[in-house]
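Asks: predicted model and sequence below, questions to follow.
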Amino acid sequence: MEIIISNSSDKPIYEQITSQIKNMIITEELKHGEALPSMRFLAKELRISVITTKRAYEELERDGFIETVPGKGSYVAAKNTDFIREEQLRVVEMDLQRASEAAKMAGITLQELIEILTMLYLEEQ
């Protein structure tokens with residue numbers, strides 16, 4: 001499991017860890033039941049505080065992405081597809097909100113924005 005921490009990011013380190021692990025679970029790079037590195041090991045590998053990795057794991061558990069078994073470790077939880085879809089929709093909505101605001105500032109019409117989005121969406125297929 002490779003996690004990259006950016007000191008120049010405006011996101012706190014625990015959020016960087018959380019978002020990367022969520023992405024690995026969503027894309028099934030990490031599969032149901034797979035063990036995550038211990039908090040201490042991850043902290044050592046990333047050269048960060050154990051408190052930071054603990055906060056990331058707590059957030060992942062709260063959001064239903066991992067389960068922690070005391071004395072055994074943390075594991076990828078069974079997929080809650082509805083929750084994962086909601087998480088992905090939330091991210092897309094935030095990105096589209098930023099794009100919409102930028103378009104308004106640039107004088108791009110709604111129709112032009114729809115055309116751009118349609119072109120980008122179909123380009124990926």
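Replies: Perfect, I can see it now. As the structure is a computational prediction, the values presented were derived from the model and not from experiment. Numbering: from 1, shown residues only.

Asks: any idea how far the residue most central in space within the chain lies from Gly71?
Replies: Among the residues of the chain, Ser19 comes closest to the average C-alpha position under CA atoms, centre = their mean, at 2.5 Å. With distances taken as CB to CB, to the nearest Å, Ser19 is found 28 Å from Gly71. From N, CA and C alone the C-beta is placed, and that goes for glycine too.

Asks: just Arg40 next, same as before
Replies: 14 Å.

Asks: quick one on the thing from earlier: name the helix or strand for the residue nearest to the centre of the chain, please.
Replies: Following DSSP states H and E, one finds Ser19 within helix 13-26.

Asks: show me where the chain has its helices.
Replies: Here the chain has its helices, by DSSP state H, at 13-26, 39-46, 50-62, 81-106, 110-123.

Asks: and the second one, which residues are buried?
Replies: Within helix 39-46, the residues scored as buried using 16 or more other CB atoms under 10 Å are 39, 42-43, 46.

Asks: tell me the one among those nearest to Glu87.
Replies: Minimum distance to Glu87 across the buried residues of helix 39-46 is 21.6 Å, recorded for Leu42 (CB to CB).

Asks: quick check, that closest one in contact with Thr53.
Replies: Yes. Counting by CB atoms under 8 Å, Leu42 touches Thr53, with 4.7 Å between them.

Asks: overlap of the contact sets of those two?
Replies: Applying CB atoms under 8 Å, 6 or more residues apart in numbering, one finds that Leu42 and Thr53 are jointly contacted by Ile17.

Asks: ok, back up a step: and the pLDDT for the closest residue to the residue nearest to the centre of the chain other than its chain neighbours?
Replies: In this structure, Ser19 finds its nearest non-sequential neighbour in Lys11, 7.5 Å apart by CB to CB, 6 or more residues apart in numbering. Lys11 carries a pLDDT score of 93 in this model.
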